[in-house]
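> Sharing a model prediction with you, sequence too.
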Amino acid sequence: MTTIGFIGLGVMGAPMAANLVAAGFDVTGYNRTPAKAEPLVEAGGSAAPSVADAVRGADVVITVLPDSPDVEAVVLGDDGVFAHVAPGTLVIDMSTIHPDVARRLAGAGAARDIQVLDAPVSGGEQGAIDAKLSIMVGGDAAAFEAAKPVLDAMGTTVVHVGPAGAGQTVKAANQLIVAGVLELVSESLVFLDAHGVDLERAVQVLAGGMAGNAVLDRKAAGMLARNFSPGFRVDLHHKDLGIVTSAAREAGVAIPLGALVASLMGAARAQGHGALDHSALLLQVEQLSGRSGPSS
């Protein structure tokens with residue numbers, strides 16, 4: 001049985017780790033807040049009191065952490081992952097971080113004979129729960145093939161997209177598209193409401209035509225119900241759009257619409273919506289339009 005050390009048992013990590021247990025892997029998890037390891041234990045996994053205890057002896061280590069500094073500290077720190085795993089271990093970072101950091105981790109791993117893949121995910125909390133994530137993987141092709149059975153236990157679309165850092169670059173593009181579509185869906189709902197249209201029926205017909213998209217399918221019902229419980233927080237999407245704008249600037253690529261939606265996401269965060277689901281962009285459009293919510 002493949003043994004897996006899993007670091008980061010938050011909204012995404014906890015169900016991902018539980019799905020690995022369900023697939024037959026031996027999973028030991030660690031989270032900075034110990035209580036967040038309880039769902040993994042209930043699913044049949046084990047909880048460790050430290051990163052070292054979670055990864056020591058593991059065949060595969062997976063990290064799902066909030067940001068680049070967190071990943072660097074956990075992986076490269078004096079008491080981190082690299083300090084406690086054996087040569088030949090496969091380390092899969094499934095966080096969303098800057099592509100440059102992913103490349104740096106891969107280089108540091110190679111120097112220690114540790115294989116590192118960047119494998120960020122898309123699909124949100126429900127995708128993590130249902131093991132239907134889209135996983136975009138950067139790194140060595142042979143390492144990807146070795147990791148595929150593990151990744152298949154968490155996602156339905158698992159694709160090797162290129163060398164180290166490529167997975168994070170594709171994830172940045174994903175976050176750019178999702179933010180842009182969320183903003184346009186928000187604007188459309190406020191526009192439709194201002195004209196007295198039945199919003200539920202409008203969403204139904206829009207979803208069946210060329211305007212149909214995953215945001216409408218997964219987010220519109222919650223937006224209409226004014227339910228902004230976080231599946232993916234504004235704070236995190238704001239962070240991700242910072243990665244996008246930085247990487248675009250470094251590559252000399254213009255993203256005028258992306259820069260605008262990044263600014264709008266930042267404004268939503270500044271207005272106190274950071275802990276809400278990113279679909280709370282709707283609240284900002286309503287505020288800009290002088291409207292307080294659906295009129296119907």
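Done, it's in. Numbering: from 1, shown residues only.

> export the lowest-mean-pLDDT helix or strand in the chain as PDB, just CAs?
Least confident element among the helices and strands of the chain, by mean pLDDT, DSSP states H and E: helix 124-129 (a mean of 92). C-alpha atoms of helix 124-129 as PDB (Å, rounded to 0.1, in the frame of the first residue of the first chain):
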ATOM      1  CA  GLY A 124     -14.000  24.100  -5.700                       C
ATOM      2  CA  GLU A 125     -15.000  22.400  -2.400                       C
ATOM      3  CA  GLN A 126     -17.700  20.300  -4.100                       C
ATOM      4  CA  GLY A 127     -15.300  19.000  -6.700                       C
ATOM      5  CA  ALA A 128     -12.900  18.100  -3.800                       C
ATOM      6  CA  ILE A 129     -15.700  16.300  -2.000                       C
END
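
> for that helix, which positions count as buried?
For helix 124-129, the neighbour count (16 or more other CB atoms under 10 Å) marks 124-125, 127-129 as buried. (Glycine included, C-beta is placed from N, CA and C.)

> Of those, which is the nearest to Gly44?
The closest of the buried residues of helix 124-129 to Gly44 turns out to be Ile129 (CB to CB; 16.2 Å).

> Could you point out the longest strand of the chain?
strand 155-162 (DSSP state E).

> That one - contacts with which helices or strands?
Here strand 155-162 touches strand 133-138, helix 141-152, helix 166-194, going by 3 or more CB pairs under 8 Å, 6 or more residues apart in numbering; DSSP states H and E.

> ranking these by burial, who's on top?
Greatest average neighbour count among the helices and strands packed on strand 155-162 goes to strand 133-138 (a mean of 25), per mean count of other CB atoms under 10 Å.

> that's a strand at Ile4, yeah?
Yes. Assigned with DSSP: H, G, I helix; E, B strand; the rest coil, Ile4 falls within a strand.

> quick one on the thing from earlier: which positions in the longest strand of the chain come out as buried?
Under 16+ other CB under 10 Å, the buried positions of strand 155-162 are 155, 158, 160-161.

> could you pull out the strands for the stretch 1-150 of the chain?
In the stretch 1-150 of the chain, the strands defined using DSSP state E, counting those that start in this stretch lie at 3-7, 26-30, 46-47, 60-63, 90-93, 115-118, 121-122, 133-138.

> Chain neighbours aside, what residue packs nearest to the spatially most central residue of the chain?
By CA atoms, centre = their mean, the chain has its centre lying nearest to Val121, at 5.1 Å. Using CB to CB, 6 or more residues apart in numbering and skipping the chain neighbours, the partner closest in space to Val121 is Leu133 (4.3 Å).

> low pLDDT regions in the stretch 1-150 of the chain?
Applying pLDDT under 70 to the stretch 1-150 of the chain flags residues 1.

> distance between the ends of stretch 124-140?
26 Å (CA to CA, to the nearest Å).

> Also stretch 208-221?
15 Å.

> next one: that stretch to chain centre, how far?
With CA atoms, centre = their mean, to the nearest Å as the basis, stretch 208-221 stands 20 Å off its chain's centre.

> same question, stretch 254-273
Remark: stretch 254-273 is offset 18 Å from the chain centroid, using CA atoms, centre = their mean.

> Surely Ser122 and Asn174 touch.
Yes. Counting by CB atoms under 8 Å, Ser122 does reach Asn174; the two are 5.0 Å apart.

> Need the overlap of contacts for those two.
The contact sets of Ser122 and Asn174 overlap at 134, 136 (CB atoms under 8 Å, 6 or more residues apart in numbering).

> Can you get me a residue count around Pro163?
By other CB atoms under 10 Å, the residues close to Pro163 number 15.

> same thing with Glu38?
Neighbours of Glu38 (other CB under 10 Å): 13.

> now the closest residue to it other than its chain neighbours: how far from Asn31?
Leaving out its chain neighbours, the residue that sits closest to Glu38 by CB to CB, 6+ apart is Ala47, at 7.6 Å. Per CB to CB, to the nearest Å, Ala47 is found 8 Å from Asn31.

> what touches both of those two?
Ala37.

> Now do the contacts for the residue nearest to Val121.
The neighbours of Leu133, taking CB under 8 Å, 6+ apart as the test, are 16, 121-123, 127, 154-157.

> Export those to JSON lines and append columns for distance to Asp277.
Listed next are the contacts of Leu133 as JSON lines, based on distance: CB to CB, whole Å:
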{"residue": "Met16", "distance to Asp277": "19"}
{"residue": "Val121", "distance to Asp277": "17"}
{"residue": "Ser122", "distance to Asp277": "15"}
{"residue": "Gly123", "distance to Asp277": "14"}
{"residue": "Gly127", "distance to Asp277": "14"}
{"residue": "Met154", "distance to Asp277": "22"}
{"residue": "Gly155", "distance to Asp277": "21"}
{"residue": "Thr156", "distance to Asp277": "23"}
{"residue": "Thr157", "distance to Asp277": "23"}
